[in-house]
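[1] Turn this into a model:
(one chain, ligands or ions: 1)
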Amino acid sequence: MSKAKVECKTEGNYIVVPKGLVNVIVDETTISGVDPKGEHTIYRGYTIDDIGANASFYEAAHLFLKGRLPCEDELKEIKRAIDYWRGRVPEKVLDALKHVPATHPMYYGIYGVSLLGQFYAPDWSYDPDFIYDHAIRIIAQLPVFFAAGWHLSRNGTLPKPDPNEDHAYDVLRMIIGREPSRTEARAFESTLVLYMDHGFNASTFTVRVIASTLSDLYSAIAGGIAALKGPLHGGANEKAMVMFLEVKERAEKEGRSMEEVIEEYIREKLAKKEKIMGFGHRVYKVHDPRTDVAAKYIKQLKDGETWLKVIHRAEKVMKEAKNLPANIDLYTAILYYQMGIPIPMYTPIFAMGRVVGWSSHYMEQVANNKIIRPTEKYVGPTGLKYTPLEERCKR
Ligand SMILES: CC(C)(COP(=O)(O)OP(=O)(O)OC[C@H]1O[C@@H](n2cnc3c(N)ncnc32)[C@H](O)[C@@H]1OP(=O)(O)O)[C@@H](O)C(=O)NCCC(=O)NCCS
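    Numbers count the residues shown, from 1 in each chain. Now for the predicted structure:
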């Protein structure tokens, strides 16, 4: 856990918290967070790596939304519901997506969820079962919007969900445009679970702020996607892959090994004081346990041993130079590359998992709500008086 010194000042009746809310606890949650030793992220009592390695997407979604792992009949039901809704995106929503300019696929998630809200959200309720039903629709359909965005902007076609397939398998199939192997599908599913939640990160906090105004879930999730889109939040896995591809190209051109080149590449970047994407973490200062789960799958896929050697050399250099561990994004970058997933889809995939966490946080927030409305310290001028236009800006 971060050992940074806690600064907390008061001014009159106000508490002045550090910029960026660093080290500020804003609320309690039973959904996820770091254990008191600061070593593991906990998903509703289980370690993130235990659930990431063993749970299916449906089991993990049930754990988040209902608070516990499902029994057999509950598992059947959540699977039935997610698969059913994945195949039921309203035609008008898909049609609308055809008429927007081709942009980054993250935008299609924002548009898609917002449009869906116009179909379902006007008569909103805060009943947990009602919210759960709508969460399932969004969780099921968000990947279709992202996949649609990718394919529409490339070749104008829309992917067709197959409700008879498992969620992760079908989503991966829609993205890569071929039948994935079962190993690829399980590896993909595992990363969706590893991305599902992570305490009060920026997008989750955004969702909770929107929920606290008692807006509907569709609006809150659209806000969450918008926050995740920023390069300081999602997006590190995309940038890590760009690094690996530059290393690959240089190694091939110069007839050298990728291990040798990545060491040189990282040292060059560090000498220029640049950050290496896929390293460092606000919480994991020694080791990110999610990387162990991802490494297991990299090994099973194309050129796995080779890529793991490159990753391990990068980790060795970063340990020596900065004492920083790799994070999950370094590993998912390679995993998604091995599956043939286009780089602009890496952050949308993060959202396809995180939407489960966002939905759970929405439910927790509205169940025990207090509008999140901090107070500012105004430091601008005072005492100015309105002047008519003709008297203003005289030169
Ligand atoms: C994740 C991250 C934002 C955590 O931030 P943080 O806990 O606030 O850590 P800081 O940014 O304060 O970094 C602390 C020190 O390590 C350095 N550092 C952190 N991450 C680094 C990285 N990826 N590459 C090089 N140096 C890094 C900082 O420059 C700083 O050095 P200094 O003390 O000499 O100024 C940060 O490590 C980062 O930007 N990583 C790259 C992006 C990334 O992979 N994000 C995905 C996270 S899952």
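[2] mean confidence for the helix or strand encompassing Leu116?
    For Leu116, the element it lies in under DSSP states H and E is helix 105-120. Across helix 105-120, the average pLDDT comes to 94.
[3] now the angle from the helix or strand following that helix to helix 105-120?
    Where DSSP H and E defines the elements, the next helix or strand beyond helix 105-120 is helix 128-155. With axes from the mean of the first three to the mean of the last three Cα atoms, to 10 degrees defining the directions, helix 128-155 sits at 140 degrees from helix 105-120.
[4] Return the residues of this structure in contact with the ligand.
    Where the chain comes near the ligand, counting by Cβ under 6 Å from any ligand atom, the residues are 236, 275-282, 322, 324, 327-329. Yep, even glycine has a C-beta here, placed from its N, CA and C like the rest.
[5] are any of the residues you listed buried, and which?
    Buried positions within the residues of the chain next to the ligand, assessed by neighbour count (16 or more other Cβ atoms under 10 Å), are 236, 276-281, 324, 327-329.
[6] Need these in TSV (columns: secondary structure and pLDDT).
    Compiled in TSV, these are given as follows (DSSP: H, G, I helix; E, B strand; the rest coil; pLDDT from 0 to 100):
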residue	secondary structure	pLDDT
Ala236	helix	88
Ile276	coil	96
Met277	coil	93
Gly278	coil	94
Phe279	strand	95
Gly280	coil	92
His281	coil	86
Leu324	coil	96
Asn327	coil	93
Ile328	helix	93
Asp329	helix	93
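[7] re earlier: for the helix holding Leu116, list the C-alpha coordinates in CSV.
    These are the backbone C-alpha positions of helix 105-120, laid out as CSV (Å, rounded to 0.1, in the frame of the first residue of the first chain):
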residue,chain,number,x,y,z
PRO,A,105,-14.3,2.2,-30.2
MET,A,106,-14.6,3.6,-26.7
TYR,A,107,-17.0,6.2,-28.0
TYR,A,108,-19.3,3.5,-29.2
GLY,A,109,-19.6,2.2,-25.7
ILE,A,110,-20.6,5.7,-24.5
TYR,A,111,-23.1,6.2,-27.3
GLY,A,112,-24.5,2.6,-27.1
VAL,A,113,-25.2,2.7,-23.3
SER,A,114,-26.6,6.2,-23.5
LEU,A,115,-29.0,5.2,-26.3
LEU,A,116,-30.0,2.0,-24.4
GLY,A,117,-30.9,4.2,-21.5
GLN,A,118,-33.4,6.0,-23.7
PHE,A,119,-35.1,2.7,-24.3
TYR,A,120,-35.1,1.5,-20.8
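[8] Make residue 1 into 6 and carry on from there
    New numbering, starting at 6: the last item is helix 110-125.
[9] That helix: how far from the chain's middle?
    Between the mean C-alpha location of helix 110-125 and the chain-wide mean there is a distance of 17 Å, by Cα atoms, centre = their mean, to the nearest Å.
[10] Would you mind listing the buried residues in it?
    By 16+ other Cβ under 10 Å, the buried positions in helix 110-125 come out as 110-122, 125.
[11] sorry, back to before: and the residues of the chain next to the ligand, which two are the farthest apart?
    Lys327 and Ile333 (17.9 Å; Cβ to Cβ).
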